[in-house]
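> fold the following, please.
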Amino acid sequence: MKLYLECASGISGDMTVAALLDLGADEGALRQALACLPVDGYRVEISRVSKAGLDACDFAVLLDDAHENHDHDMEYLHGHSHEHEHDHEHDHEHEHNHEHDHEHSHHHDQNHPHAHTHRSLPDILQIIEAGALTPGAKALAERIFTILAQAEAQAHGVALEQVHFHEVGAVDSIVDIVAAAVCLDNLGITEAVVPVLNEGRGFVRCQHGLLPVPVPATLNIAAGQGLNLHILPVEGELVTPTGAAIAAAVKTEDALPERFRVVKTGYGAGKRRYSIPSLLRAMLIEPV
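Model prediction:
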């Protein structure tokens, strides 16, 4: 069977993990894999939510107070008291960690005012290596993170080894990427069709100011990995660098078979509130 990622309203790390869980990836195996990683300061919450009246899976990484980092762009756009789109799921949604993951990666600055420790790509690869993951999941997680780090290095104009991830951002990214790799491996996915990533437009606020959408890291991944982009008339970031990196790492084809049978469908909910539902639809398909 093949995986088909229908990124009609973009893709992010948490949306991907949620869609794969909805497809039938083993939640117990995922939690066990995450528990073995030498990373703390977070907990994972998996729930069912309603998006545009559709039942979907929601995957959330909830950070503790020491690692908290709010979604400054959503506060900038909607005010500090903006309401979340989800109606009846958990109240504490961490929209920052996956929909805004690009703001956590940058060239290391010795004069950076924040006290958080930083992790380089080798540091993160060591964390992945230390986990009790299957060989397939481990290799895929390493590939995704390497694609992401290469795109960030290019965006900042530095060497790959000079790219450092804030501890705050690294926790989110590690959990998202490892979770996606574990779920893909658990489902036995070896082929994936990713025809196009629908992206928004405008600007997104990050730590150092406003970035144009698509953000540079996402564009670098699309260019370097042969991903097709389509810009929608939607203000906001629909495709995050983590989402793009996962799509790039798993994609084997960019065109659907002429005819195929849908074996199963999964819906992964996003956290952002846009003019279109924030949903990633994943399908297991068999060519006819």
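> so where is the stretch 51-200 of the chain shaky, pLDDT-wise?
Residues of the stretch 51-200 of the chain meeting the criterion pLDDT under 70: 65-117, 165-169.
> how close does the closest residue to residue 186 other than its chain neighbours get to residue 39?
Nearest in space to residue 186, with sequence neighbours left out and distances taken as CB to CB, 6 or more residues apart in numbering, is residue 25 at 4.8 Å. (C-beta placed from N, C-alpha, C; glycine too.) In this structure, residue 25 lies at 20 Å from residue 39, with CB to CB, to the nearest Å as the measure.
> quick one, which of the two is more surrounded?
Summary of the neighbour comparison: residue 25 and residue 39, criterion other CB atoms under 10 Å, with residue 25 having more neighbours (23 against 20).
> just confirm the more buried one is within a helix.
No - the assignment for residue 25 (DSSP: H, G, I helix; E, B strand; the rest coil) gives coil, which keeps it out of a helix.
> now it, what are its backbone angles?
Its backbone dihedrals place residue 25 at phi -60, psi 140, with angles given as degrees, to the nearest 10.
> quick one: the residue nearest to residue 278 when sequence neighbours are not counted from residue 237, how far?
With sequence-adjacent residues excluded and distances taken as CB to CB, 6+ apart, residue 278 is closest to residue 270, at 3.1 Å. Here the distance between residue 270 and residue 237 works out to 11 Å (CB to CB).
> what about stretch 125-142, how long is it end to end?
Across stretch 125-142, the terminal residues are separated by 6 Å (CA to CA, to the nearest Å).
> if I look at residue 127, how far off is residue 204?
Here the distance between residue 127 and residue 204 works out to 27 Å (CB to CB).
> neighbour count for these two, which is higher?
Between residue 127 and residue 204, counting by other CB under 10 Å, residue 204 is the more crowded of the two (24 against 18).
> could you give the bridge partners of the more buried one?
residue 211 (DSSP bridges).
> pLDDT value on it, please?
For residue 204, the pLDDT comes out at 90.
> sorry, back to before: wouldn't the residue nearest to residue 278 be in contact with residue 14 here?
Yes - checked against CB atoms under 8 Å, the pair residue 270 and residue 14 is within contact range at 7.1 Å.
> which parts of the stretch 101-250 of the chain are helices?
With DSSP state H, counting those that start in this stretch, the ranges of helices along the stretch 101-250 of the chain come out as 121-130, 135-156, 167-186, 216-225, 241-250.
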